[in-house]
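In: Just a sequence and a predicted model for now, questions to come.
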Amino acid sequence: MGKYFGTDGFRGEANKGLTVDHAFRIGRYLGWYYGQTHKAMVVIGKDTRRSSYMFESALCAGLTASGADAYLLHVTSTPSVSYIARSDDFDCGIMISASHNPYYDNGIKLINSQGEKMEESVLAGIEAYLDSDEELPYATDSHIGQTVDYAAGRNRYIGYLISLATRSYKGYRIGLDCANGSTWMMAKSVFDALGADTYVIGNRPNGLNINVDCGSTHLEKLQKLVREEFLDIGFAFDGDADRCLAVDEKGEVVNGDKILYLSAKYMQDKGKLGESKVVTTIMSNMGLYKALDELGIGYEQTPVGDKYVAENMRQNGHLLGGEQSGHIIFGRYATTGDGILTAIKIMEAVTESKMSLSELSAGMKTYPQRLKNVVVTDKDETLACPEVKAAVKAVEEELGENGRVVLRKSGTEPLLRVMVEAGTQELCEEKCDEIIDAMRAAGKLLQVKA
């Protein structure tokens, strides 16, 4: 990771960690970089945060000042920017979003012409420019760029999603939680077009309520909706809709690991998986691996971040990968996690098998897991601290093959994440606290957030 760009873009509190000047200069660099040999074209999307409009204007000013044309999808999802960037031959795409973070945060995600996360070499060039006093040449006269309303691109993406459904959803009662974010209109349009009887929450954004007690990070309201309205299934998206988690007909959560399991099993049953392995991150539950072993399906592990999952899939030709958090990548149809696409693929398994979601996911047993986020004096120093390393080793030796420990830096927040898997929830809690106590005793701990 660089100084500004982490695993999921340049993210920070709006006009504090990430300022409007940053956005302007990023636009200036991208317009210049891609415009050295031709008229650059960049497509931009944003979520519903109040600051997203400000950053959109700043990016457009920077791009057009460097001679690029900026095409605006307006409020849309990250996967839609990825789809349009690659299908409409743009030089790159930009998504303005901080995903599942609170409204006061925002981020700038850069997507290359193949619809994938931007190459490190380009990000390094941007970071060097942000930290320099260099002035790039301004476009003049007819070379100044223009902004173009490109809502038609968003509509074409919606059409693409609808085209992927294998059956009508007529007769299915489906709940949708749009997180007051990117899918607040889009998701209902897709599921209505496919014939579902839709029940929608989290679809009243006001610029300040994105992800607030709703969406894939707060599933309680969707669970309640499914139970009270006797729905067949529910889907929850995050702020920029690259994640999806599901709720079965009983109101129980089906997380990303279970989605990977049922999707892999369905693909195997239909002869669509072949020799492809399932690509996971180190945070996936032990139960997923045991369930895949029983099916004879191989798997690979990457560092945390859908960026690394996508890289592994691309390099090795794997067709399915994702994260427990709901970033699921279906390699035949997308180059990035796509929440609505994930929901459509889950519905394909449901409608084709004529089974409920609880039945489809029943083959995977989830091992108890506890994750705590801690603020420390210095992330790298804490990871290297002998006392902390000794505590981790002691817990690992005690758990043996019946559990594991993951201690890692967050790629999007100034935190360390402590995760323990074990036979019981109580044991997970106890061992998590032992590692945190070691940080405290070593003088490294500032705060336990959750």
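Out: Thanks, I have the structure now. Numbers count the residues shown, from 1 in each chain.
In: can you give me the strands in the stretch 301-450 of the chain?
Out: Per DSSP state E, counting those that start in this stretch, the stretch 301-450 of the chain carries strands over the ranges 320-322, 328-330, 369-376, 404-409, 416-421, 445-448.
In: got the contact list for residue 53?
Out: Counting by Cβ atoms under 8 Å, 6 or more residues apart in numbering, residue 53 touches residue 46. The way it works is simple: take the backbone N, C-alpha and C, and place the C-beta from them, glycine included.
In: what's the answer for residue 222, then?
Out: Here residue 222 is in contact with 175, 177, 201, 214, 234, 236, 247 (Cβ under 8 Å, 6+ apart).
In: Could you rerun that using 7 Å?
Out: Contacts for residue 222 were tallied using Cβ atoms under 7 Å, 6 or more residues apart in numbering; they are 175, 177, 201, 234, 236, 247.
In: Does it belong to a helix, a strand or coil?
Out: When classified by DSSP: H, G, I helix; E, B strand; the rest coil, residue 222 comes out as helix.
In: Equivalent analysis for the one 3 residues further on, please.
Out: Here residue 225 is helix, with the state taken from three-state DSSP.
In: just to confirm, which helix or strand has the residue lying closest to it once chain neighbours are set aside in it?
Out: The spatially closest residue to residue 225, leaving aside those adjacent along the chain, is residue 175, at 4.9 Å (Cβ to Cβ, 6 or more residues apart in numbering). Secondary structure from DSSP states H and E places residue 175 in strand 173-177.
In: Residue 106 too?
Out: Assigned by DSSP H and E, residue 106 falls within strand 105-112.
In: Looks like the residue nearest to residue 225 contacts residue 202 (just checking).
Out: No - assessed by Cβ atoms under 7 Å, residue 175 is found out of contact with residue 202, at 10.3 Å.
In: Just the buried positions in the lowest-mean-pLDDT helix or strand in the chain, please.
Out: One helix or strand of the chain scores below all others by mean pLDDT, DSSP states H and E: strand 445-448, with a mean of 86. For strand 445-448, the buried set under the neighbour-count rule, 16 or more other Cβ atoms under 10 Å, comprises residue 445.
In: Kindly report the same for stretch 361-376.
Out: Here stretch 361-376 shows 361, 364, 366-370, 372, 374, 376 as buried, counting by 16+ other Cβ under 10 Å.
In: how long is that stretch end to end?
Out: With Cα to Cα, to the nearest Å applied, stretch 361-376 spans 38 Å between its terminal residues.
In: before we move on, what about stretch 112-129?
Out: Start-to-end span of stretch 112-129 (Cα to Cα) is 19 Å.
In: Report how many residues lie close to residue 219.
Out: Burial measure for residue 219: 22 neighbouring residues, criterion other Cβ atoms under 10 Å.
In: That one against residue 253, yeah?
Out: Yes - with contacts counted by Cβ under 7 Å, residue 219 reaches residue 253, the gap being 5.6 Å.
In: Please tell me how far the residue in the chain sticking out farthest from the centre sits from residue 67.
Out: The centre of the chain is farthest from one residue, residue 141, which by Cα atoms, centre = their mean lies 40.5 Å away. Distance of residue 141 to residue 67, computed by Cβ to Cβ, to the nearest Å: 10 Å.
In: related to what we said a few turns ago, how about TSV for the buried residues of stretch 361-376, with distance to residue 197 and pLDDT added?
Out: Formatted as TSV, the buried residues of stretch 361-376 follow (distance: Cβ to Cβ, whole Å; pLDDT from 0 to 100):
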residue	distance to residue 197	pLDDT
361	22	97
364	29	96
366	30	91
367	36	90
368	36	93
369	35	89
370	38	92
372	40	93
374	44	92
376	49	89
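In: Which one of the residues you listed is nearest to residue 344?
Out: Closest to residue 344 out of those is residue 361 (16.9 Å), distances taken as Cβ to Cβ.
In: For the closest one, which non-adjacent residue is spatially closest?
Out: Residue 361 sits nearest to residue 258 (Cβ to Cβ, 6+ apart), 4.4 Å away.
In: isn't the one you found right up against residue 365?
Out: No - in this structure, residue 258 is not within contact of residue 365 by Cβ under 7 Å, at 10.1 Å.
In: Would you mind measuring from the closest residue to residue 247 other than its chain neighbours to residue 47?
Out: Leaving aside its sequence neighbours, residue 247 sits nearest to residue 234 (Cβ to Cβ, 6+ apart; 3.8 Å). Distance, residue 234 to residue 47, using Cβ to Cβ: 21 Å.
In: Equivalent analysis for residue 384, please.
Out: According to Cβ to Cβ, residue 384 and residue 47 sit 37 Å apart.
In: Same check on residue 41?
Out: Separation of residue 41 from residue 47 (Cβ to Cβ) stands at 22 Å.
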